[in-house]
Every structure is written in C-alpha cells, then in structure tokens.
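> 3D, please:
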Amino acid sequence: MSKDGSAGFFTTRLEDLVSWGRKNSMWPLPYGTSCCGIEMMATLCSDYDMARFGAEAVRFSPRQADLLIVAGIINLKMAPVLRTVYDQMSDPKWVMSFGACASSGGIFNVYSVLQGIDTMIPVDVYIPGCPPAPEGVIHGLMRLQEKIAQGDTHSQRRIAASRGIQPASVQSTAAGSA
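Residues are numbered from 1 along each chain as shown. Got it, this is the predicted structure:
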C-alpha cells in the first residue's frame, strides 16, 4: 500500500493482458514487390515510424514473425511459396494485404497474376490504394491492433474454435442481444 492508503495493484483478465502484449509487439515479415514494396519501406522509415506501434522488429524468417505483409503483385508461381511461408508462421498470425495488386490483382488481369492473396491465405486487414500512402498503412496497422485486442482475427477465431470457445466478438454480440 502507498502512503495515502490506495492499493498499488490492478486486476485484469489474463486474456486481456496477452492480447495487449500481442497487439503492441507485432513482428512483421514483409513480402514486397513493385511500387507497394517501396511504399512499405517508406512506412518503416523514420518519417512514419512503425516502431511506435510495436512493429519495428522486421523478421525475414516465418518462425520469428507473426504478421505477414503482402505488398504488391503476387505471381502464380510465388503464391504456393507464400502459402508455405504462412503455414510456417506460429499461431496466432496475421496477414495484411497491402495495395490493389495484393488485394485483387490490380490492373493485371492476366493468367500469371494471382487475383487476390485471399484466395490462398486468410487476410485480416486490406489496405487500399495503388500504391497506398504510408498514412493508410499506419491506419491499417491500427485497425489490426484493434482486431487483435478484440480477438477478432482469423487466427484467433480458429484457435478459439479448436478449443471449443466462442470468439470474443461472438460473445459480445450474444451478451448485447440478451
């Protein structure tokens, strides 16, 4: 106890503490091509500073990363490799689709370009633009942090389902309707 008689501790749920730690310490694995790759690099530089969101530890090994940033054109030959990288990442893991080409194939509606990374792996956040501005990337990162804190990402819902637990978003909806 402190001198004024107030308690020097706080209580919380372990799930909330773990979610807080996860949302504030994401380790991204970048996959950047073309112009989106350059914009992703600009976002990681000091002018926009993704470090203040806990995403400065860029990892190039799927075993060390928990956020896959897919930025730019995905050729059909590279899609299975990206799927393997995603499968090698530890749970919970998140995916950010960065730009029009990664999200929908962009202007490249040809046989050699994948028409959206979500046809291969589940995507948690889409960042629109061609290429998106760094401010849009920061907004997408903050939106992903909100989803992680709420337990509303693909990976967190899959883990909860495997344990037989309702995801937090379903619990809050059920509590609100009761």
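
> going forward, measure contacts and count neighbours with C-alpha atoms only.
Fine.

> who's in contact with Asp16?
By Cα atoms under 8 Å, 6 or more residues apart in numbering, the residues touching Asp16 are Ala149.

> neighbouring contacts of stretch 63-79?
Contact partners of stretch 63-79, identified using Cα under 8 Å, 6+ apart, comprise 26-37, 40, 58-59, 86, 88-102, 105, 112-114, 117, 120.

> Ends of it, what's the gap?
Its first and final residues considered, stretch 63-79 spans 19 Å by Cα to Cα, to the nearest Å.

> what's the spacing between it and its chain's center?
12 Å (Cα atoms, centre = their mean, to the nearest Å).

> what's the average pLDDT for it?
For stretch 63-79, the mean pLDDT works out to 87.

> Ala42 is in contact with Gly32, correct?
No - with contact defined as Cα atoms under 8 Å, Gly32 does not reach Ala42; the gap is 11.8 Å.

> can I assume Tyr31 sits in a strand?
Yes - assessed with DSSP: H, G, I helix; E, B strand; the rest coil, Tyr31 lies in a strand.

> Separate out the buried members of the contacts of stretch 63-79.
Using 16 or more other Cα atoms under 10 Å as the burial test, the contacts of stretch 63-79 include 26-33, 36-37, 40, 58-59, 86, 89, 92-102, 105, 113-114, 117 as buried.

> Which of the residues you listed fall in helices?
Using DSSP state H, the subset of those located in helices is 36-37, 40, 86, 100-102.

> Redo these as a markdown table? Include pLDDT.
Shown next, in a markdown table, are those (pLDDT from 0 to 100):
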| residue | pLDDT |
| --- | --- |
| Cys36 | 76 |
| Gly37 | 78 |
| Met40 | 79 |
| Tyr86 | 91 |
| Ala100 | 84 |
| Cys101 | 81 |
| Ala102 | 84 |
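
> Arg52: which of these is nearest?
Nearest to Arg52 out of those is Met40 (Cα to Cα; 15.7 Å).

> Look up how far Arg158 lies from the closest one.
Using Cα to Cα, Met40 is found at 28 Å from Arg158.

> do the same with Ala133
Look at Ala133 and Arg158: by Cα to Cα, they are 31 Å apart.

> Ok, Tyr86 next?
Counting by Cα to Cα - Tyr86 and Arg158 are separated by 15 Å.

> what ranges do the strands span in this protein?
28-32, 67-71, 94-98, 125-127 (DSSP state E).
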